[in-house]
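*Asks:* Sharing a model prediction with you, sequence too.
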Amino acid sequence: MRLTRFFLPILKETPKEAEIVSHRLMLRAGMMRQEAAGIYAWLPLGFRVLKNIERIVREEQDRAGAIELLMPTLQLADLWRESGRYDAYGPEMLRIADRHKRELLYGPTNEEMITEIFRAYVKSYRSLPLNLYHIQWKFRDEQRPRFGVMRGREFLMKDAYSFDIDEAAARLSYNRMFVAYLRTFARMGLKAIPMRAETGPIGGDLSHEFIVLAETGESGVFCNKDVLDLPVPGADVDYDGDLTPVIKQWTELYAATEDVHDEARYEKEVPAEKRVNTRGIEVGQIFYFGTKYSDSMKALVVGSDGTEKPIHGGSYGIGVSRLVGAIIEACHDENGIQWPEEVAPFRVAVLNLKQGAADTDAACEKLYKELSAAGVDVLYDDTDQRPGGKFATADLIGIPWQILVGPKGLAEGKVEIKKRADGSREMMSVDEASRHFQ
Ligand SMILES: Nc1ncnc2c1ncn2[C@@H]1O[C@H](COS(=O)(=O)NC(=O)[C@@H](N)CS)[C@@H](O)[C@H]1O
């Protein structure tokens, strides 16, 4: 992409309404624009990151055997009356009347709708286990939307729903999602710790939140430092095998959010030098809720003994849009964002330090064309900004690699490669630079 043909509304000033670094940087880097409280337009740079996060989430859900579909954002109120949550959900629910005065709502979550779909078609235990998911916009009329996309009102969520014949089978589905979440967040360059959690409006009695440690996080957390160094299962993990050793390894060390924290256990189990008490960002939460929805909504299957029984369910959410902010909270410095390569909006930025000079223009065009042809996502800063401005923009928007093309270096046949994550630099020829990223 040539920057002169892109749409990147960088802000010079830090917007005063932004209280946390990810909100400030997303606005300054031209990644999003607030259209209403808690409701955002995703501008091109931010949208590229959102799509990369979505891709990773999708790949890991598919690897774990979940099947993707897409449910609508609007739902019938009567559906939620069946489960009894229409009134219970409270003011966070955006209730809508259509032209025929039919009562609808903008879905905050989809347990009822997925249960309606399931019960329409699945009648036998032979069709189980089943895990259906989608990546869809949700609306929760938060009392105080704040911190940008971290706590929005309209936000993008991956929500998966599992269906099993009994609790034992449902726990296997739960474990598959637990492992898929470990892999998902690790691929984004995050250390997300599974912590026992309250279940809240979703229900049930088994739940883990996946928390990214960050001072600006909304959740208070207590954990054993060793949990930060546990190994994440590889891409060859056998989802049909026994995952309990992995679950045990990740849940035996103390890790709890403040609302379930047990100070006595914490002091007894965690040596003083290993106690971590900080804040964190909840990027995902998984629940086992048994027959909560299948009872109320009559989602029954015939079991192997020939009798009808309600299925045991679980739901598994990831805050796809929240993750854009969470990654920035975890990956930034005083100059701006430091995107992990897997989610970066572009992988390489080519900076022409003397726009209009024959030699630097030619070298940049060569690099731009060769890297693009090799499928590398390149942003070529071909603007007439001064070098200092180009450095500041590239550092702000957080592209992992910068190729600096200046007349002095070219006079020696060299360009400079800069790694945004640690600021390290290396001189090499134009051809070596082109090959470096292919
Ligand atoms: N207001 C919000 N803004 C941005 N992300 C949010 C918001 N509320 C929740 N999330 C994200 O969505 C994830 C899942 O939300 S949840 O309420 O925990 N779980 C559910 O809704 C279940 N139905 C999972 S399928 C959370 O872990 C969080 O990362």
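*Replies:* Cool, got the structure. Since the model is a prediction, treat every value here as computed from it, not as a measurement. Numbering: from 1, shown residues only.

*Asks:* Arg55 belongs to a strand, doesn't it?
*Replies:* No - counting by DSSP: H, G, I helix; E, B strand; the rest coil, Arg55 falls outside a strand, being helix.

*Asks:* Quick check: the gap between it and the ligand.
*Replies:* 18 Å (Cβ to the nearest ligand atom, to the nearest Å). C-betas here are computed from N, CA, C, even on glycine.

*Asks:* For that residue, grab the count of nearby residues.
*Replies:* 13 (other Cβ atoms under 10 Å).

*Asks:* Likewise for the one 10 residues further on?
*Replies:* Using other Cβ under 10 Å, Gly65 has 16 other residues around it.

*Asks:* Could you check what's spatially nearest to it, not counting adjacent residues?
*Replies:* If you skip the residues right next to it in sequence, Gly65 has Tyr239 as its closest partner in space, 5.7 Å away by Cβ to Cβ, 6 or more residues apart in numbering.

*Asks:* and that neighbour, how many neighbours does it have?
*Replies:* So Tyr239, with other Cβ under 10 Å, has 16 neighbours.

*Asks:* if I read this right, it contacts Arg176, doesn't it?
*Replies:* Yes - counting by Cβ atoms under 8 Å, Tyr239 touches Arg176, with 5.2 Å between them.

*Asks:* quick one: stretch 173-188 near the ligand?
*Replies:* No - using Cβ under 6 Å from any ligand atom, stretch 173-188 never reaches the ligand; the gap is at least 9.8 Å.

*Asks:* and that stretch, C-alpha only, in PDB?
*Replies:* This file holds the C-alpha atoms of stretch 173-188, laid out as PDB (Å, rounded to 0.1, in the frame of the first residue of the first chain):
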ATOM      1  CA  SER A 173     -15.700 -29.800  25.300                       C
ATOM      2  CA  TYR A 174     -14.800 -27.200  27.900                       C
ATOM      3  CA  ASN A 175     -11.200 -28.500  28.000                       C
ATOM      4  CA  ARG A 176     -10.900 -28.300  24.200                       C
ATOM      5  CA  MET A 177     -11.900 -24.600  24.300                       C
ATOM      6  CA  PHE A 178      -9.600 -24.000  27.300                       C
ATOM      7  CA  VAL A 179      -6.600 -25.300  25.200                       C
ATOM      8  CA  ALA A 180      -7.800 -23.400  22.100                       C
ATOM      9  CA  TYR A 181      -7.800 -20.200  24.100                       C
ATOM     10  CA  LEU A 182      -4.300 -20.800  25.400                       C
ATOM     11  CA  ARG A 183      -3.100 -21.200  21.800                       C
ATOM     12  CA  THR A 184      -5.200 -18.300  20.500                       C
ATOM     13  CA  PHE A 185      -3.800 -15.600  22.800                       C
ATOM     14  CA  ALA A 186      -0.300 -16.900  22.700                       C
ATOM     15  CA  ARG A 187      -0.300 -16.500  18.800                       C
ATOM     16  CA  MET A 188      -1.200 -12.800  19.300                       C
END
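
*Asks:* For Val212, give its distance to His261.
*Replies:* Per Cβ to Cβ, to the nearest Å, Val212 is found 18 Å from His261.

*Asks:* Actually, Met93.
*Replies:* Counting by Cβ to Cβ, the gap from Met93 to His261 is 30 Å.

*Asks:* before we move on, what about Ala411?
*Replies:* For Ala411 relative to His261 (Cβ to Cβ), the value is 62 Å.

*Asks:* Who does the biggest strand by length in the chain pair with, and is each partner parallel or antiparallel?
*Replies:* Counting by DSSP state E, the longest strand found in the chain is strand 275-290. Here strand 275-290 is paired, per DSSP bridges, with strand 206-213 (antiparallel), strand 219-224 (antiparallel), strand 312-319 (antiparallel).

*Asks:* Could you pick out the residues of the stretch 301-438 of the chain near the ligand for me?
*Replies:* Residues of the stretch 301-438 of the chain lying near the ligand (Cβ under 6 Å from any ligand atom): 315-317, 319, 321-322.

*Asks:* can I get those in a markdown table with pLDDT?
*Replies:* Shown next, in a markdown table, are these (pLDDT from 0 to 100):
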| residue | pLDDT |
| --- | --- |
| Ser315 | 97 |
| Tyr316 | 98 |
| Gly317 | 98 |
| Gly319 | 98 |
| Ser321 | 98 |
| Arg322 | 98 |
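
*Asks:* Only the buried subset of those, as a ChimeraX command please.
*Replies:* To isolate the buried ones among those in ChimeraX, judged by 16 or more other Cβ atoms under 10 Å, type:
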select :315,316,317,319,321,322
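
*Asks:* and the two most separated of the residues of the stretch 301-438 of the chain next to the ligand?
*Replies:* Ser315 and Ser321 (18.2 Å; Cβ to Cβ).

*Asks:* just for the chain, where's the confidence low?
*Replies:* 199 (pLDDT under 70).

*Asks:* Now do the helices in it.
*Replies:* 21-28, 44-63, 77-83, 85-88, 111-121, 167-187, 244-252, 263-269, 292-297, 320-330, 358-373, 387-397, 407-411, 430-436 (DSSP state H).

*Asks:* Deepest-packed of these, please.
*Replies:* helix 320-330 (a mean of 26; mean count of other Cβ atoms under 10 Å).

*Asks:* Using CSV, write out every CA atom in that one.
*Replies:* The C-alpha coordinates for helix 320-330 follow below in CSV (Å, rounded to 0.1, in the frame of the first residue of the first chain):
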residue,chain,number,x,y,z
VAL,A,320,-12.2,-9.8,19.3
SER,A,321,-12.4,-6.0,19.2
ARG,A,322,-11.3,-5.6,22.9
LEU,A,323,-8.1,-7.6,21.9
VAL,A,324,-7.0,-4.7,19.6
GLY,A,325,-6.8,-2.5,22.7
ALA,A,326,-5.4,-5.3,25.0
ILE,A,327,-2.5,-6.0,22.6
ILE,A,328,-1.6,-2.3,22.5
GLU,A,329,-1.7,-2.2,26.4
ALA,A,330,0.7,-5.1,26.4
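
*Asks:* near the ligand, which residues of the stretch 1-150 of the chain?
*Replies:* Counting by Cβ under 6 Å from any ligand atom, the stretch 1-150 of the chain sits next to the ligand at 109, 111, 140, 142.
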